[in-house]
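Q: coords below, sequence missing:
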């Protein structure tokens with residue numbers, strides 16, 4: 001079964017940034033994530049929703065490209081942004097319970113001026 005694809009917007013101080021993201025809703029989809037993907041356009045990504053919010057950790061096993069991990073609180077604000085290196089199996093913790101984790105092409109958040117505290121909206 002394929003992943004649902006939804007629009008997502010990040011509201012930051014310098015404007016709105018729009019993406020199209022795949023939703024990794026099931027445990028199997030979340031476990032696979034963006035493994036083996038060789039490129040990711042700047043306006044694409046993947047979101048991992050958690051209901052209820054959880055203090056999750058992510059790693060880059062079998063992930064071939066750098067990714068920005070954007071940890072999102074239940075109120076939609078960004079708690080933390082980490083740029084992870086390809087194939088790094090070190091767990092990157094959320095640091096607090098989050099309602100979702102958004103993965104974007106590595107460095108994209110910095111390119112767009114997206115910061116902690118910015119607000120994220122997507123179809124849930």
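A: Perfect, I can see it now. Not measured: the values here are computed from a predicted model. Residues are numbered from 1 along each chain as shown.

Q: Show the pLDDT at the closest residue to residue 14 other than its chain neighbours.
A: Once flanking residues are discounted, residue 14 sits nearest to residue 113: 4.7 Å by CB to CB, 6 or more residues apart in numbering. For glycine as for every other residue, the C-beta is placed from the backbone atoms N, C-alpha and C. pLDDT recorded at residue 113 is 97.

Q: Now do the same contact list for residue 113.
A: Contact partners of residue 113, counting by CB atoms under 8 Å, 6 or more residues apart in numbering, are 12, 13, 14.

Q: For the first one, give its distance to residue 111.
A: Looking back up the chat, that one is residue 12. To residue 111, residue 12 is 12 Å away according to CB to CB, to the nearest Å.

Q: Which strands border the helix or strand containing residue 20, and is each parallel or antiparallel?
A: Using DSSP states H and E, residue 20 sits in strand 15-23. The pairing partners recorded for strand 15-23 under DSSP bridges are strand 4-12 (antiparallel), strand 44-54 (parallel).
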